[in-house]
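Sequence and predicted structure, then a few things I'm wondering about:
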Amino acid sequence: MLKAIVHVVSPNIQDCVLTYIVRTTVDHARIVAQHHAYCELLKSHGAEVVTLSRSTNQPDATFIEDTAVVLDEVAIIGNMGVSSRRAEVAAVEQELLRHRPIARIQSPATLEGGDVLLAGNTIFVGKSSRTNKAGQRALQHIVGRFDYTVVPVEVCDCLHLKTACTALNQHSLLVNPDWVNIDLFSEFNVVTVDPDEPWAANTLRLGDVLIMHSGFPKTRALLGELGFKIETIDISEFLKTEAGLSCLSILLDS
């Protein structure tokens, strides 16, 4: 059964860490409503939603994907790239212990889940402002006993690898070529976002359905023409926090 681990929206989300965008006012009531709609969407696709609330005082806690990387064989607890977020991982680790053996990324290595993209048996790992080369090597060491190929990817001008690239299926990727070098994806079918929608590369795959933010109609139309099944949801308030759809959950088969 698909399980989705999420975290409630902090009342302090206005103070979340921003790196590449200018801070604007977040409508708290609206972002809570959008998070609720996101959880309901997960449930509509058969997911059991587990909602954590232990890190409510942490502004970034709802961006739970960054705390861990979950594979079928192991859950890897990240070491966050900004010290203000490191308290978030304890509650997530406690939940993941119920489902997977645990491995940990230790300092000076840093690794955030938003920089780790699984496509088939390939694990792309972004080098970003949040994940360093030591983090990439540490992940390689952990998954080395399993049948994965780890590919380092340089990320520029955006927060995480998954800001610039997500998997449409095991063989296809949706990419913003301004933020990542698409030559690294030569073994995949690469679809590029519409130039007017640079943030559209972050999608969420639930079975054979792609979830997209409703504000990216050009990229949605392109994917529809290619035969992908698409549903949309409004996460406009989350875009103000430099977040995307994948940031808001950790998905695993339980």
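That came in fine, so what should we check first?

Which residue ranges of the stretch 51-200 of the chain form strands?
If DSSP state E, counting those that start in this stretch is used as the criterion, the strands of the stretch 51-200 of the chain fall at 68-70, 75-77, 102-104, 116-119, 122-127, 149-154, 165-167, 172-175, 189-192.

Arrange the ones you listed in TSV, one row each, with distance to D60 and mean pLDDT as further columns.
Just so you know, the C-beta spots here come from the backbone N, C-alpha and C atoms, and that holds for glycine as well. Formatted as TSV, the strands of the stretch 51-200 of the chain follow (distance: least, C-beta to C-beta, whole Å; pLDDT from 0 to 100):
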stretch	distance to D60	mean pLDDT
strand 68-70	14	98
strand 75-77	16	98
strand 102-104	19	98
strand 116-119	17	97
strand 122-127	18	97
strand 149-154	23	95
strand 165-167	20	98
strand 172-175	24	98
strand 189-192	29	98
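
Deepest in the core, which of those strands is it.
Comparing those by mean neighbour count (mean count of other C-beta atoms under 10 Å), strand 68-70 ranks first with a mean of 26.

quick one: contacts for W179?
Residues in contact with W179 (C-beta atoms under 8 Å, 6 or more residues apart in numbering) are V155, C156, D157, C158, T163, A164, C165, P198, A201.

now R86
With C-beta under 8 Å, 6+ apart, R86 has these contacts: N79, M80.

circling back: for ChimeraX, what selects the buried ones among the contacts of W179?
The ChimeraX command for the buried members of the contacts of W179 (criterion: 16 or more other C-beta atoms under 10 Å) is given here:
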select :155,158,163,164,165,198,201
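
Among the contacts of W179, which are located in helices?
T163, A164 (DSSP state H).

ok, back up a step: tell me which of the strands of the stretch 51-200 of the chain approaches L222 most closely.
Nearest to L222, of all the strands of the stretch 51-200 of the chain, is strand 189-192, at 7.0 Å by C-beta to C-beta.

Tell me which residues are up against that closest one.
For strand 189-192, using C-beta under 8 Å, 6+ apart, the contacting residues are L168, H171, S172, L173, L174, V175, N176, P177, I182, L222, L223, L226.

In a markdown table, list those along with distance to G126.
Converted to a markdown table, the contacts of strand 189-192 look like this (distance: C-beta to C-beta, whole Å):
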| residue | distance to G126 |
| --- | --- |
| L168 | 18 |
| H171 | 20 |
| S172 | 19 |
| L173 | 13 |
| L174 | 15 |
| V175 | 12 |
| N176 | 13 |
| P177 | 15 |
| I182 | 14 |
| L222 | 24 |
| L223 | 22 |
| L226 | 25 |
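
May I have the strands that pair with the helix or strand V49 falls within, each with its orientation?
Secondary structure assignment for V49, by DSSP states H and E: strand 48-52. Sheet pairing of strand 48-52 (DSSP bridges) gives strand 2-7 (parallel).

and the next element down the chain from the partner strand?
The element immediately downstream of strand 2-7 (helix or strand, assigned by DSSP H and E) is helix 28-44.

and that following helix, what other elements does it pack with?
strand 2-7, strand 48-52, strand 229-233, helix 236-239 (3 or more C-beta pairs under 8 Å, 6 or more residues apart in numbering; DSSP states H and E).

which one of the ones you listed is the most hemmed in?
Neighbour counts (mean count of other C-beta under 10 Å) averaged over each of these peak at strand 2-7, with a mean of 22.

contact partners of that one?
Under C-beta under 8 Å, 6+ apart, the answer for strand 2-7 is 35, 38-39, 42, 45-53, 55, 61-62, 64, 88, 91-92, 95-96, 99, 206, 248-254.
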